[in-house]
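A.B. asks: generate a structure from the sequence data that follows.
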Amino acid sequence: MFAKERMGFMPALYLAFMDELEPAEKKRFVTCSSQEEKADMILNHPFVKEKFDMIKLGDGKDNAKSNMAREEGNKLFQDGNFKAASNKYSTAVVFANQGSKEFSLALANRSAALQRLGQQERGILDIDLAVQAGYPEDKMYKLLERKAQLLQDQNQYSGARENFKMAKKHVGNSSLSSSKQDKFHSDIEKQIKKIENKENGKTPEKTTDKSSEFCKLKDPHTFYTSLHNSIQVRYTKEQGRYTVAKEKIPAGTTVLAEDPLGWALEIEKFGTNCQHCLGQISVIIPCPGCPAVAFCSEKCKDEAMDGYHARECGLMGILGASALNNFCLMAVRSLTRYNVKEILDMKIDMKPPDIEHGKTVENMRLYESSDIRNGLNLVHHSEHLEPDEMIMRTLIAVFLLKCLKQTKFFGDFSTDKDEDLFISKVIYTFINACPANTHEIHILHTPTMERWSPMAEMKAVGAGLYPTAALFNHSCDPNIIRCNIGRKMISVTSRDIQPGEEIFDCYGLPWYSKSRDVRQSIQTKFYKFSCCCRACSEGWVTSDLLGLYSASELSKLVCTCGLVAVKTEGKFLCKCGKETDPRSIDIQKIRSEVQSAGEKLYVGLDWEGGCSALREAYANLTSQICPPTLEYFNLQISIWRALWMIVGNKKLAKLF
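C.D. replies: Numbering: from 1, shown residues only. Next comes the predicted model:
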């Protein structure tokens, strides 16, 4: 529950608390009859009580810090270092109280830097926000002139003329001498004359955005808002909750499009990525209440404030300093989708996790990703926790409770001791659910947007808790692939899935990346099971050990009856009694089909044509040759590469 690479106070506090606990106290903790009783014991322990009573959320806005950053930005601007100046002005924007003079000045100065950097749209937005924040009337003429120039650069001439004229009117409110005001009038008239006969330029045609096409389920499920209708969720004691295809699902079909219940941006990316969509920030839009959180747009800020951040505002600073990991941040985010009263009103539905929750039944309640009850009913493996781990997680849950008590999550709603302990229990349940149900959110760093590059690299920007995606079981040889569009996760079939066939995701590492022993150790540690998929049971080698071959060199082939023909004394014999002749397999044709599918997918980025070619190549390959083969690997990796290049999160990265 601690971020290994991050320094903070919680690991040391936990170790100190463990030293304080007497053996009898540890024993009493283990024998407590409920999680609420355990939380109460820790919450009222003298050591914890003393420390947690001192909890104070980080400082909020600070106009003095804003002024200091703005002055530093001014020096950089005067030196011609406009990028660094913009960054300093962003710091000033973040620290300023919104609606204050300092906020408006920081925005106005940043708009000047953005103008020099050629970021007209963001510069105009800053000017509009500065005006809304009460930019000083005696300086307004300069701001309106700048907005007119930015509009002119965008060929928006009517808007530019209007703002030039408004600037002329407002200069009368300035402290300029009459002669300087006359000169300003003259300069403005010259600028108006330059655009007098110009018409607004055509709005640039928007490039086709295929992300909405992939994010929209063509046939949404009746009961699961994030699932395709061709999927059914079942339950058995051996498999737990799992999914099967009700009908044939062609390769390339989006079967899941889900926003997370809770998500966490990596602490190190708080200043570079949006807290809401996790996208790259070009110009910071600050949270109105705390300096630790930033957004990439007004839209993201408004959605965040309406959806959750108003109830967690002030927390991110102390959570970053605590060295708690993303699981804890996701628990908080999941909880603050609601307020405390809404959580308590659902208490009757929040019984101990139901291991069958989510399976398809007649007239079932709508299974939505935003429903906290679906997150709380995910598998959490708390029965495997050692006493010290239980104490640590309970301590963290109590800490988060104490922090939340100082936010609008509780607001003016008064809670009693039992209600507080119940909230602590909900936090504890989420902390336990996250390790086995969390998916990383990635950005593909690539030197080109035109085609897949071997230099491309996946980098995690955060993680999310996806209650619907958690219903898929694991295989090291999955038949769906995942991709992130913003914080949303989509799952797409990587090959045709037949009716009744189980749908498999890959939780950790696929068969071609690491050996079976490495994969098994990860699955056992985080997911508490030993994988018995085909790749594991047959001991498939990794892709770097695969090479070219002739059919006769293989140890098994696929018989015409569909079963495996095993090589015995030089012959490929099947249980059905037939012998398969390796000379009947046209290896070169198969390789040509696989290559063609790959070129269409991740070179040409032709999704429809590539998926069609993939289906044909896959059917031809798997009806004759058993995996693993280089061709089998190439087909799997081709559609994954294409998906990320066409719609996934991407960032243009320098090679050197």
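A.B. asks: residue nearest the centroid of the protein?
C.D. replies: With distances taken as CA atoms, centre = their mean, Arg487 lies nearest the centre of the chain, 3.3 Å away.
A.B. asks: separation between it and Leu376?
C.D. replies: 20 Å (CB to CB, to the nearest Å). For the C-beta atoms, the positions are set from N, CA and C on the backbone; glycine is no exception.
A.B. asks: picking up where we left off before, quick one: contacts for the residue nearest to the centre of the chain?
C.D. replies: 259-260, 263, 276-278, 441, 462, 464 (CB atoms under 8 Å, 6 or more residues apart in numbering).
A.B. asks: which of those tops the neighbour count?
C.D. replies: Top of these by neighbour number is Gly464, holding 28 neighbours under the definition other CB atoms under 10 Å.
A.B. asks: in a strand, that residue, correct?
C.D. replies: Yes: Gly464 forms part of a strand when assessed by DSSP: H, G, I helix; E, B strand; the rest coil.
A.B. asks: most widely separated two among the contacts of Arg487?
C.D. replies: Asp259 and Gly462 (13.2 Å; CB to CB).
A.B. asks: so for stretch 180-189, mean pLDDT?
C.D. replies: The pLDDT scores in stretch 180-189 average 92.
A.B. asks: contacts for stretch 56-63, please.
C.D. replies: 95-98, 100, 102, 289-292, 314-315, 317-318, 321, 403, 406-407.
A.B. asks: the residue located most distally from the centre of the chain in helix, strand or coil?
C.D. replies: Going by CA atoms, centre = their mean, the residue of the chain most distant from its centre is Ser179, 56.8 Å out. Under three-state DSSP, Ser179 falls in the helix class.
A.B. asks: quick one: which of the contacts of stretch 56-63 sit in helices?
C.D. replies: The helices in this structure, assigned by DSSP state H, contain 95, 102, 315, 317-318, 321, 403 from the contacts of stretch 56-63.
A.B. asks: from the residues you listed, which would you call buried?
C.D. replies: Using 16 or more other CB atoms under 10 Å as the burial test, those include 95, 102, 315, 317-318, 321, 403 as buried.
A.B. asks: now, the most widely separated pair of those residues?
C.D. replies: Spatially, the most separated pair among those is Glu102 and Cys403, at 28.0 Å (CB to CB).
A.B. asks: just read off the phi/psi values of Lys488.
C.D. replies: Main-chain torsions, Lys488, degrees, to the nearest 10: phi -70, psi 140.
A.B. asks: and it, how many neighbours?
C.D. replies: Using other CB under 10 Å, Lys488 has 22 neighbouring residues.
A.B. asks: count of neighbours near the residue nearest to Lys417 when sequence neighbours are not counted?
C.D. replies: With CB to CB, 6 or more residues apart in numbering as the criterion, Lys417 has its nearest non-adjacent residue at 7.7 Å, and that residue is Asp40. Applying other CB under 10 Å, we find 19 residues neighbouring Asp40.
A.B. asks: give me the element Asp40 is part of.
C.D. replies: Taking DSSP states H and E as the criterion, Asp40 maps to helix 35-43.
A.B. asks: mind checking how far stretch 555-573 is from the chain centre?
C.D. replies: Between the centre of stretch 555-573 and the centre of its chain there are 45 Å (CA atoms, centre = their mean, to the nearest Å).
A.B. asks: which parts of that stretch are buried?
C.D. replies: For stretch 555-573, a neighbour-count test (16+ other CB under 10 Å) marks 556-559, 565-567, 572 as buried.
A.B. asks: for the stretch 1-150 of the chain, which segments count as helices?
C.D. replies: Secondary structure of the stretch 1-150 of the chain (DSSP state H, counting those that start in this stretch): helices at 10-20, 23-30, 35-43, 46-52, 63-78, 82-95, 101-116, 120-132, 140-153.
A.B. asks: how distant is the fourth one from the center of its chain?
C.D. replies: To tie it back to what came earlier, the one meant is helix 46-52. On the basis of CA atoms, centre = their mean, helix 46-52 sits 35 Å off its chain's mean C-alpha point.
A.B. asks: residues in contact with that helix?
C.D. replies: With contacts defined as CB under 8 Å, 6+ apart, helix 46-52 is touched by 13, 16-17, 20, 42-43, 395, 398-399, 402.
A.B. asks: where does pLDDT dip in the chain?
C.D. replies: 59, 200-208, 655-656 (pLDDT under 70).
A.B. asks: what about Phe295, how many residues close to it?
C.D. replies: The number of residues near Phe295, taken as other CB under 10 Å, comes to 24.
A.B. asks: quick one, longest helix in this protein?
C.D. replies: Assigned via DSSP H, the chain shows its longest helix as helix 417-437.
A.B. asks: now do the buried residues in it.
C.D. replies: Neighbour counts over helix 417-437 (16+ other CB under 10 Å) mark 419-437 as buried.
A.B. asks: packing partners for that helix?
C.D. replies: Applying 3 or more CB pairs under 8 Å, 6 or more residues apart in numbering; DSSP states H and E, we find helix 417-437 packed against helix 35-43, helix 326-335, helix 340-345, helix 372-376, helix 387-404, strand 457-465, helix 516-527.
A.B. asks: Thr493 is nearest to which of these?
C.D. replies: Nearest of the helices and strands packed on helix 417-437 (CB to CB): strand 457-465, 20.6 Å.
A.B. asks: list the buried residues of stretch 398-409.
C.D. replies: 398-404, 407-409.
A.B. asks: before we move on, what about stretch 363-377?
C.D. replies: So stretch 363-377, judged by 16+ other CB under 10 Å, has buried residues 367-377.
A.B. asks: returning to what we had before: any chance of the ones in helices among the contacts of stretch 56-63 in JSON lines, plus distance to Thr629?
C.D. replies: As requested, these are exported to JSON lines (distance: CB to CB, whole Å):
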{"residue": "Phe95", "distance to Thr629": "58"}
{"residue": "Glu102", "distance to Thr629": "65"}
{"residue": "Leu315", "distance to Thr629": "51"}
{"residue": "Gly317", "distance to Thr629": "52"}
{"residue": "Ile318", "distance to Thr629": "53"}
{"residue": "Ala321", "distance to Thr629": "51"}
{"residue": "Cys403", "distance to Thr629": "53"}
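A.B. asks: which elements pack onto the helix holding Asp40?
C.D. replies: When contacts are defined as 3+ CB pairs under 8 Å, 6+ apart, helix 35-43 sits against helix 23-30, helix 46-52, helix 387-404, helix 417-437.
A.B. asks: save those helices as CSV, and put in distance to Leu548 too.
C.D. replies: Output for these, formatted as CSV (distance: least, CB to CB, whole Å):
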stretch, distance to Leu548
helix 23-30, 59
helix 46-52, 63
helix 387-404, 49
helix 417-437, 40
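A.B. asks: and Ala456, which of those is closest to it?
C.D. replies: For Ala456, the closest of the helices and strands packed on helix 35-43 is helix 417-437, at 27.7 Å, according to CB to CB.
A.B. asks: residues contacting Leu105?
C.D. replies: 70, 92, 130, 135-136.
A.B. asks: repeat that with 10 Å
C.D. replies: For Leu105, the contact set (CB atoms under 10 Å, 6 or more residues apart in numbering) comprises 66-67, 70, 89, 92-93, 96, 130, 133, 135-136, 139.
A.B. asks: then Gln120?
C.D. replies: Residues near Gln120 by CB under 10 Å, 6+ apart: 111, 114, 147, 149-154, 156.
A.B. asks: and Gln78, by the same measure?
C.D. replies: Listed by CB under 10 Å, 6+ apart, the contact partners of Gln78 are Ala85.
A.B. asks: what about it, distance to Arg116?
C.D. replies: Gln78 is 12 Å from Arg116, by CB to CB.
A.B. asks: report the separation between the spatially closest residue to Ile485 that is not a sequence neighbour and Glu258.
C.D. replies: Excluding its sequence neighbours, the residue lying closest to Ile485 (CB to CB, 6+ apart) is Ser211, at 4.8 Å. According to CB to CB, Ser211 stands 14 Å off from Glu258.
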